[in-house]
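1. Got a sequence here, can you build the structure:
(chains A and B)
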There are 2 protein chains.
Amino acid sequence: MPVVDIHTHVYPPSFMDLLRSRSAVPYIRSFPPDTSPRLIILPGEDSPSNPSTARGRPIGPEFYDISKKIEFMGKHRIDISVISLANPWLDFLPADDAGPIAQRVNEEINELCDQYPGRLFAFGALPVSASREVIVMEIARLSEKKYIKGVVMGSSGLGRGLDDPALDPIYEALQEHQLTVFLHPHYGLPKEVFGPRASDYGHVLALALGFPLETTVAVTRMLLSGVWDRFRALSVLLAHSGGTLPFLAGRIESCVHHDNHLLDELKQGERRSIWDILKNNIYLDAVIYSQIGLKAAVDASGSNRIMFVSSNGNFLAGTDHPFFPPLESKDDEWPSVQANFNAIKDAFDGNKEAADSILGGNAIRLLKLELRAE
Amino acid sequence: MPVVDIHTHVYPPSFMDLLRSRSAVPYIRSFPPDTSPRLIILPGEDSPSNPSTARGRPIGPEFYDISKKIEFMGKHRIDISVISLANPWLDFLPADDAGPIAQRVNEEINELCDQYPGRLFAFGALPVSASREVIVMEIARLSEKKYIKGVVMGSSGLGRGLDDPALDPIYEALQEHQLTVFLHPHYGLPKEVFGPRASDYGHVLALALGFPLETTVAVTRMLLSGVWDRFRALSVLLAHSGGTLPFLAGRIESCVHHDNHLLDELKQGERRSIWDILKNNIYLDAVIYSQIGLKAAVDASGSNRIMFVSSNGNFLAGTDHPFFPPLESKDDEWPSVQANFNAIKDAFDGNKEAADSILGGNAIRLLKLELRAE
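-> Coordinates of the predicted model:
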């Protein structure tokens, strides 16, 4: 069974040019005396006085040169990568630009895949700031592209979250074209949640807690607004093993069952539970870094719904700080990738079929990836 | 083995008088034409225009009449309750009032326990807005009280979170007197996290996600600031099975290990991991409402560190909305209590010893509860 990495990012060349042309977040520039370019994608990073993060992170060819991706895959025994544009995707574009830029970026991503047929597939990016008609048209267009197997989206949707009723035509189009949504966090939690000493802790609170919480809140809002009742075949892949959903699902259901206001609104009898959604609409990646977490994810969604990811590009293994030497040589295997391999193998000791499904089979089935004869 | 409920709240009479005398959150008053008193403890509840919550919640004798607690215990076969002042405790008091009010409230709580010897014990409340000397003195005083076995605290500490170095003398005193901290959420997450439609969902997002996240963030901040390295015997009981810590512990460790800034600061070699803390300093209640969550909690901390709670008073089973009839008659058993009983029994099918430990033995051991001869 091939090993498939479903969470791995690129910035194609035209998107790099766009970032280089900007001076507000997100953007790329160098900060003299350092001459190497840096990528700033979060408002919190955009301050020269932040001692913990410098400004943004170094951005080298591993972000845009597709041959580096193939090299990385070779080193880590990954057969297939399903690449996606990295955050913040196209969320920040002016309404009029979004449609044409989305087309250009998606075409480029499809062409990158075509350079390594059978080894690369992709999630497309949506022009979320454009009109709903333009977004729906782009979804239809993407569904015709050879290598595009779904779309990557952030938690803000059209700007008001994924429980916004204005998203209904978009959910409908995604469901109709059987495109899976790869839901990825970006916005995290407001700074004040982490307190006055947060900058002492580097990126840890935002990455370890902000990201998974953002995902959990986004999906719970979808649940409470009835998205899953209206679009019963909508398929969503959640980053970071569902944020915290496998652990908190019981609490979510208990709170719903004890909230009289909600009981009345949702007409409980017809409502689908979060357990139902986890088992029938949601897929999870295996980025959880512990057997305890992975077991909870598998128990919640089933081993046929968990997928492997190398963690390349999700910044957990990046060396964000030019002031400190990298933790390991760039030529070595990434420890975070090995940790994910090991967690999967340990958790399914003696059950090769389940491990293989997670390492590749589930992604091949869900995304209908065409395998090439050896 | 007796069944011990370690998460069950009271407002003793003097605290009720205090709340009735106030006109800003937290306070108690009635809103004509309704003549029954209502308790408003969260700023978000304090608006007549909020359609989902009315204003606060009804507050009846079950909050302050200790005989109602004993009645509730009898109905649910709970032998011992470790009562605590409900949120927001004494967090809101002016600095000068805090010390004397804490003494009065704690004396009253100790006396309530004395009315039912062997059946009631308590966590005391700290005058967190007073000077550190006053707080430390109250800790020493509490340690002499017959029925006080620990202290209940919110996540704000002295106002700047539990990673505030100003808390060190307080942690030191708690450790010295071997008083367990019952860490309970109250502040949740900022409103904007839940989006513009949050009020459509009743209290669900704040209770199901805001509370556990608040706890998770608080403990992770303690970890990153080195509290657990400085106070290696500090014992903390976490509400709601640790928020999301059992699920996210692996991710927290991975993020720490990949953050160069933090590696330098913490001198990794000497740092205690979150797994170490979960197994040696942290105790968890069993309020997670699913076997999947409970198993993760047990795997993370051990079945000798999980404790039973009836969920009386944590508002999950309240009937917040006067405009809708209660879900069940008040004379029946609370379904949420039964759900927690069943989750524990199911999760430990065939292992009576583990189930008994969780239902009572762990609390008796940790809090050194004196059992009375039958």
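
2. Let's see the one helix or strand residue A:297 maps to as PDB, backbone CA atoms only.
-> According to DSSP states H and E, residue A:297 maps onto helix A:291-301. The C-alpha atoms that make up helix A:291-301 are tabulated as PDB, following Å, rounded to 0.1, in the frame of the first residue of the first chain:
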ATOM      1  CA  GLN A 291      -0.800   7.000  21.100                       C
ATOM      2  CA  ILE A 292      -3.400   8.200  23.600                       C
ATOM      3  CA  GLY A 293      -4.600  10.900  21.200                       C
ATOM      4  CA  LEU A 294      -4.500   8.700  18.200                       C
ATOM      5  CA  LYS A 295      -6.500   6.000  19.900                       C
ATOM      6  CA  ALA A 296      -9.200   8.500  20.900                       C
ATOM      7  CA  ALA A 297      -9.300   9.700  17.200                       C
ATOM      8  CA  VAL A 298      -9.600   6.100  15.900                       C
ATOM      9  CA  ASP A 299     -12.300   5.300  18.500                       C
ATOM     10  CA  ALA A 300     -14.200   8.400  17.500                       C
ATOM     11  CA  SER A 301     -14.000   8.200  13.700                       C
END
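
3. next SSE after it?
-> Counting by DSSP H and E, the next helix or strand C-terminal to helix A:291-301 is strand A:306-307.

4. tell me what that following strand is packed against?
-> strand A:4-10, strand A:282-285, helix A:291-301, helix A:362-367 (3 or more CB pairs under 8 Å, 6 or more residues apart in numbering or on different chains; DSSP states H and E). Where you see a C-beta, it was placed from the backbone N, CA and C, and this is true even at glycine.

5. hmm, the shortest one touching chain B?
-> No: shown here: strand A:282-285 not in contact with chain B (CB under 8 Å from any CB of the partner chain), separated by at least 12.0 Å.

6. Pull up the pairing partners for that strand, direction included.
-> If you go by DSSP bridges, strand A:282-285 pairs up with strand A:236-238 (parallel), strand A:306-307 (parallel).

7. where's the first one relative to the chain centroid, distance-wise?
-> Think strand A:236-238. Taking CA atoms, centre = their mean, to the nearest Å, the mean C-alpha location of strand A:236-238 is offset from the chain mean by 8 Å.

8. contacts for it?
-> Strand A:236-238 has contacts (CB atoms under 8 Å, 6 or more residues apart in numbering or on different chains) with A:6, A:150, A:180-183, A:215, A:219, A:245, A:281-285, A:307, A:366.

9. that older thread, take the strands paired with strand A:282-285 and lay them out in CSV including mean neighbour count and mean pLDDT.
-> Formatted as CSV, the strands paired with strand A:282-285 follow (neighbours: other CB atoms under 10 Å in any protein chain shown; pLDDT from 0 to 100):
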stretch, mean neighbour count, mean pLDDT
strand A:236-238, 26, 95
strand A:306-307, 26, 85
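
10. how about those strands, which one is nearest residue B:176?
-> Among the strands paired with strand A:282-285, the nearest to residue B:176 by CB to CB is strand A:236-238 (45.0 Å).

11. Determine the set of other helices and strands touching the helix or strand following that closest one.
-> The element immediately downstream of strand A:236-238 (helix or strand, assigned by DSSP H and E) is helix A:245-257. Applying 3+ CB pairs under 8 Å, 6+ apart, we find helix A:245-257 packed against helix A:211-224, helix A:260-266, helix A:274-280, helix A:291-301, helix B:204-205, helix B:245-257, helix B:291-301, helix B:335-347.

12. Now the host helix or strand of residue A:74: buried residues?
-> According to DSSP H and E, residue A:74 maps onto helix A:66-75. Using 16 or more other CB atoms under 10 Å in any protein chain shown as the test for burial, helix A:66-75 gives A:66, A:69, A:70, A:72, A:73.

13. Now render the residues you listed as CSV, adding pLDDT and distance to chain B.
-> Shown next, in CSV, are the buried residues of helix A:66-75 (pLDDT from 0 to 100; distance: CB to the nearest CB, whole Å):
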residue, pLDDT, distance to chain B
A:66, 93, 25
A:69, 89, 20
A:70, 92, 24
A:72, 83, 17
A:73, 84, 21
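
14. Distance to residue A:346 added to these, as a markdown table?
-> Below are the buried residues of helix A:66-75 laid out as a markdown table (distance: CB to CB, whole Å):
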| residue | distance to residue A:346 |
| --- | --- |
| A:66 | 32 |
| A:69 | 27 |
| A:70 | 28 |
| A:72 | 23 |
| A:73 | 23 |
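
15. Show me what stretch A:137-147 is in contact with.
-> A:99, A:102-103, A:106, A:109-110, A:113-114, A:120-122, A:124, A:126-127, A:130, A:148, A:151, A:170, A:173-174, A:177-179.

16. How far does it stretch from one end to the other?
-> 18 Å (CA to CA, to the nearest Å).

17. Then stretch A:222-240?
-> Using CA to CA, the end-to-end distance of stretch A:222-240 comes to 18 Å.
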